[in-house]
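Trainee: mind looking at a prediction? Sequence and model below.
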Amino acid sequence: MVLGLMFLATALMFMLFMYNQGQLTRHRVQLENAADATVYSQAKLAARNQNFVAYTNRAMVANEVSIGQVNALMSWSARYRDMNRFITGYAPYNSTIGPIPVTFSMILSGITAPYVAMGTGINAATKPVSIHWPTIVSYFNSGVGVFQGLFTLSTLVAQFEVNQDVLKGNQLESDNADIYAPFISYYFLLQNTLMTYSGDHFDAAPFVNALEQGLGVANTGDTSAGDQVRAYFPGESMISLNSPAVTGGPAAADSLKAYQYYSAIVNKNKDPFTNDRHWGFELTVPDMIPPFRMQYGIMSVTIDLALQIGFVLASDGGSTYGANGGLESARDIKKLGWSAIDVTSFGLDLLAGLYIEARIDFGFFSETFVLLNESSLFDARIGFPLGGGASQTVSKVQFAKKIMTDWSRLNEPNGQYGGNPRDAENNGAFEQIHFQTLMVGQTAGGNIFGPPTSVNTNYGGPPAFISLGESFRESRRSFEYTVALAIDLNDIETSDNADTFDIGNSSETPADSWLEGNEMSIGYTRFDLDTCARAEEASGVGSYQQSVWGSERPMTTISSAEVYFSNPMKPYAKGSEEPASLFSPFWDARLIEPSLIPTLVASGQIPYQELFGPGIPNEAIGATRWLLRKMGEQLVDRAIDTAVAEVKSPFQSMVRRQLDAAGNVALRNNDRVVGALANGLTQFVGSAGGANCAG
């Protein structure tokens, strides 16, 4: 009986131990699952937003290219329409052919008459489209820019909502909500949002020294704590809302880089007709000068003077998206627009070369020496004008190119206006053979290179759009998303409910001093079940923990995730990866191990106020309201103001009413989320913890 009682007691103790451990493990695993699911959902929403931005940015580029197509068609047709002006404006054409009372211009006018008729018809049909299409596209792109901001704000709203939705789906019991999101969890989301959209305002310098010296966290593995802080706070915004109206201040440099990138992508995606319009043929007369040979005994010298004459007819043109004078400062962004030029010339291609060879012949032995082999001793293309046309689409006349030298320099091969490096006969509109044509276009019958002849000012200017920070294009990763969840240990039913986590609080190590001297030896892993929680410590760290975790005895965890760029398609070029950007919709999300900074903030070694200052509300509802209103002002109001500024009178008031209505819907959703958050936090946390978490 004694042995039986001892066995029963042992079995009972074992059963209680198994029950306690099972309860703790069950809640811990569910807590981890909830945290992982929540932070992954937040990152997934961010990835979806970045893919939406990528699709809409691509739509803006496609729309921009369509303006270039119309602009190119106007230049191309104007070149044929105005051939007579070029022919009659070139003085040598007006001389008669010997005794016959017929001028060269009469003959050329007759030959080019079909082309003039074709160009006149196409230009007349295209002109109404060229006038109104840039306006339509500009307004549409401006609206897309506004909706990028609205969708981004909606994503922030959804990220707050997903905290509650995922928690509801991961509770162990539907009628008893044990897992809750304390204030620190909302702070982490707030921190990520601020760094994502305003990261250039946060510098790592103020607390690098605090980590390395004051907190005694000098090194963590191969990377110092200071380096990890600088990596966490790179001092750059990941996502920026760019506007042509931003011409000064700290955001001007980033905005300039964004529009340089934008214009480069627009030019990269031009269709072949817009990019390079070339046709022509050349008839070459064979070299009729035979080689000359001189014999001096055993030595002979051969001299070959090659003279090649070609009759050339060449037509070249191209279009580019850029700013007059270059995109050198933020003030040049407003100058962005389309310019196109087309020229047709005929003439001669003269090429002279010289070859000298010496040969020594001993009968049984001979040797040849090449003394000179110059294949391009003289190379010139002499051209005569047939036609030229140009077209510009800009927002204001002062942004247009005025004279020929504003466009390009003469004899520039393969420049912005046509040309192909792989084709020696295609060097673009400013090559040598078109020199006379360009000069006639500048002087005779009006200037085709500037206003008012070739300038259309019905373009609203470049759109506002969201872009990716430069360092993030290289890293291909976002800032770290972190979620903190907890369960009050008093809510976990165990046989020793009051002392579940008090193992560290023995008489030898009382709660108020158990951490002292043991900072490096006490580990906190994500699956520790029976380690004394920091919140139980009767010190400043313990008070901080109780405040941000909303409980005196919490079971806590943090989980992290990130958004990353990865194109699953074929390699970008020669095995290299495609650069990350917000013009390519290949963003996805993944879980990662929490890094140093979130761990230190969650554990109280770095109070959150040290990172962003005391101005941030210290309770979840206030912080949420503060963030969403701040982002609404930054993402929505600025985008609406920029879009309306690009609209010409009298349509501004109508456009503002529509965009303001859409913006008000998004802002009302903000207030709805804050209200739902208040109710949810009160329900989850309860009275004691809820006072800290829900405020």
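Mentor: On my side now, so go ahead. Numbering: from 1, shown residues only.

Trainee: the spatially closest residue to Ser559 that is not a sequence neighbour is in what secondary structure piece?
Mentor: Counting by CB to CB, 6 or more residues apart in numbering, Ser559 lies nearest to Ala35, which is 3.8 Å off, once chain neighbours are set aside. All C-beta spots, glycine's among them, are computed from the backbone N, C-alpha and C. According to DSSP states H and E, Ala35 maps onto helix 2-81.

Trainee: per-residue confidence averaged over that helix?
Mentor: For helix 2-81, the mean per-residue pLDDT is 90.

Trainee: cool, stretch 271-282 as well?
Mentor: 92.

Trainee: low-confidence ranges in this structure?
Mentor: The model of the chain has pLDDT under 70 over residues 98, 100, 174-177, 201-226, 363-364, 375-377, 445, 495-542, 570-576, 609-695.

Trainee: and the longest strand for it?
Mentor: strand 366-393 (DSSP state E).

Trainee: direction included, what does that one pair against?
Mentor: strand 337-361 (antiparallel), strand 455-456 (parallel) (DSSP bridges).

Trainee: and the ones you listed as a markdown table, adding distance to Leu600?
Mentor: A markdown table is the format used below for the strands paired with strand 366-393 (distance: least, CB to CB, whole Å):
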| stretch | distance to Leu600 |
| --- | --- |
| strand 337-361 | 50 |
| strand 455-456 | 58 |
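
Trainee: hang on, the earlier thing: got the buried residues for the longest strand of the chain?
Mentor: Arg381, Gly383, Phe384, Pro385, Leu386, Gly387, Gly388, Gly389, Ala390, Ser391, Gln392, Thr393 (16 or more other CB atoms under 10 Å).

Trainee: just stretch 38-58 next, same as before
Mentor: For stretch 38-58, the neighbour count (16+ other CB under 10 Å) marks 38-54, 56-58 as buried.

Trainee: go on, stretch 88-107?
Mentor: Across stretch 88-107, burial judged by 16+ other CB under 10 Å covers Thr88, Gly89, Tyr90, Tyr93, Thr103, Phe104, Ser105, Met106.

Trainee: quick one: which of the residues you listed sit in strands?
Mentor: Thr103.

Trainee: which of the buried residues of stretch 88-107 sit farthest apart?
Mentor: Greatest spacing in the buried residues of stretch 88-107, by CB to CB: Gly89 and Met106 (14.3 Å).

Trainee: which ones are touching the nearest residue to Ser105 once chain neighbours are set aside?
Mentor: With CB to CB, 6+ apart as the criterion, Ser105 has its nearest non-adjacent residue at 4.0 Å, and that residue is Tyr93. Residues counted as contacts of Tyr93 (CB atoms under 8 Å, 6 or more residues apart in numbering) are Ile87, Thr103, Phe104, Ser105, Leu108.

Trainee: could you do Phe565 as well?
Mentor: Phe565 neighbours (CB under 8 Å, 6+ apart): Arg476, Arg477, Ala580, Ser581, Ser584, Phe586, Trp587.

Trainee: name the nearest residue to it, ignoring sequence neighbours.
Mentor: Ala580 is the one closest to Phe565 (CB to CB, 6+ apart), at 3.7 Å.

Trainee: number of nearby residues for Asp361?
Mentor: 14 (other CB atoms under 10 Å).

Trainee: quick check: it touching Ile298?
Mentor: Yes: counting by CB atoms under 8 Å, Ile298 is a contact partner of Asp361 at 5.4 Å.

Trainee: tell me, what's touching these two both at once?
Mentor: With CB under 8 Å, 6+ apart, Asp361 and Ile298 have no common neighbours.

Trainee: hmm, back to that, next one: the residue nearest to Ser559 from Glu161, what distance?
Mentor: Taking CB to CB, to the nearest Å as the measure, Ala35 falls 17 Å from Glu161.

Trainee: comparing these two, which residue is more hemmed in?
Mentor: Neighbours per residue (other CB under 10 Å) separate Ala35 from Glu161, with Ala35 holding more: 29 against 18.

Trainee: isn't the more buried one up against Leu485?
Mentor: Yes: between Ala35 and Leu485 there is a contact under CB under 8 Å: 4.6 Å.

Trainee: which residues are in contact with both of those two?
Mentor: By CB under 8 Å, 6+ apart, Ala35 and Leu485 have these common neighbours: Thr557, Ile558, Ser559.

Trainee: can you put the residues you listed in CSV and add neighbour count and distance to Met569?
Mentor: Shown next, in CSV, are the shared contacts of Ala35 and Leu485 (neighbours: other CB atoms under 10 Å; distance: CB to CB, whole Å):
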residue, neighbour count, distance to Met569
Thr557, 23, 37
Ile558, 21, 35
Ser559, 25, 30
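
Trainee: sitting in helices, which of the residues you listed do you find?
Mentor: Residues of the shared contacts of Ala35 and Leu485 located in helices (DSSP state H): none.

Trainee: which of these lies closest to Ala340?
Mentor: Using CB to CB, the shared contacts of Ala35 and Leu485 come closest to Ala340 at Ser559, 54.2 Å.

Trainee: tell me the one among the contacts of Tyr93 nearest to Asn170.
Mentor: For the contacts of Tyr93, the residue nearest Asn170 by CB to CB is Ile87; the value is 80.5 Å.

Trainee: any idea what the closest residue to Asp254 other than its chain neighbours is bridged to?
Mentor: Of all residues not flanking Asp254 in the chain, Ser240 sits nearest, at 5.6 Å (CB to CB, 6+ apart). Ser240 forms beta bridges with Ser467, as assigned by DSSP bridges.

Trainee: how about Ser240, what does it touch?
Mentor: Tyr197, Ala251, Asp254, Ser255, Ala258, Ile466, Ser467, Gly469.

Trainee: output the residues you listed as TSV; include the columns secondary structure, neighbour count and distance to Leu190.
Mentor: Shown next, in TSV, are these (DSSP: H, G, I helix; E, B strand; the rest coil; neighbours: other CB atoms under 10 Å; distance: CB to CB, whole Å):
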residue	secondary structure	neighbour count	distance to Leu190
Tyr197	helix	21	11
Ala251	helix	19	21
Asp254	helix	19	22
Ser255	helix	22	25
Ala258	helix	24	25
Ile466	strand	25	20
Ser467	strand	24	23
Gly469	coil	21	19
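
Trainee: and Phe449, helix, strand or coil?
Mentor: Of the three states, Phe449 takes coil under DSSP: H, G, I helix; E, B strand; the rest coil.

Trainee: find the residue closest to it in space, skipping its chain neighbours.
Mentor: Met404 (5.1 Å).

Trainee: any idea how far Glu470 is from the closest residue in space to Val246 that isn't next to it in sequence?
Mentor: Spatial nearest neighbour of Val246, excluding adjacent residues (CB to CB, 6+ apart): Ser255 at 4.7 Å. Here Ser255 is placed at a distance of 12 Å from Glu470 (CB to CB).

Trainee: quick check: Val563 touching Ala47?
Mentor: Yes: judged on CB under 8 Å, Val563 makes contact with Ala47 at a distance of 4.7 Å.

Trainee: joint contacts of those two?
Mentor: Contacts common to Val563 and Ala47, judged by CB under 8 Å, 6+ apart, are Trp587, Asp588, Ala589.

Trainee: JSON lines for the residues you listed, including neighbour count?
Mentor: Listed next are the shared contacts of Val563 and Ala47 as JSON lines, based on neighbours: other CB atoms under 10 Å:
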{"residue": "Trp587", "neighbour count": "26"}
{"residue": "Asp588", "neighbour count": "16"}
{"residue": "Ala589", "neighbour count": "22"}
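
Trainee: and the residues you listed, which is closest to Ser603?
Mentor: Closest approach between those and Ser603, by CB to CB: Ala589, at 25.3 Å.

Trainee: extract the C-alpha set from stretch 299-307 and format it as PDB.
Mentor: Extracted in PDB, the C-alpha atoms of stretch 299-307 (Å, rounded to 0.1, in the frame of the first residue of the first chain):
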ATOM      1  CA  MET A 299      62.300  45.500-105.600                       C
ATOM      2  CA  SER A 300      58.800  46.500-106.600                       C
ATOM      3  CA  VAL A 301      56.400  49.100-105.100                       C
ATOM      4  CA  THR A 302      52.700  49.100-105.600                       C
ATOM      5  CA  ILE A 303      50.600  52.200-104.900                       C
ATOM      6  CA  ASP A 304      46.800  51.900-104.900                       C
ATOM      7  CA  LEU A 305      44.700  55.100-104.500                       C
ATOM      8  CA  ALA A 306      41.100  54.000-103.900                       C
ATOM      9  CA  LEU A 307      38.400  56.600-104.600                       C
END
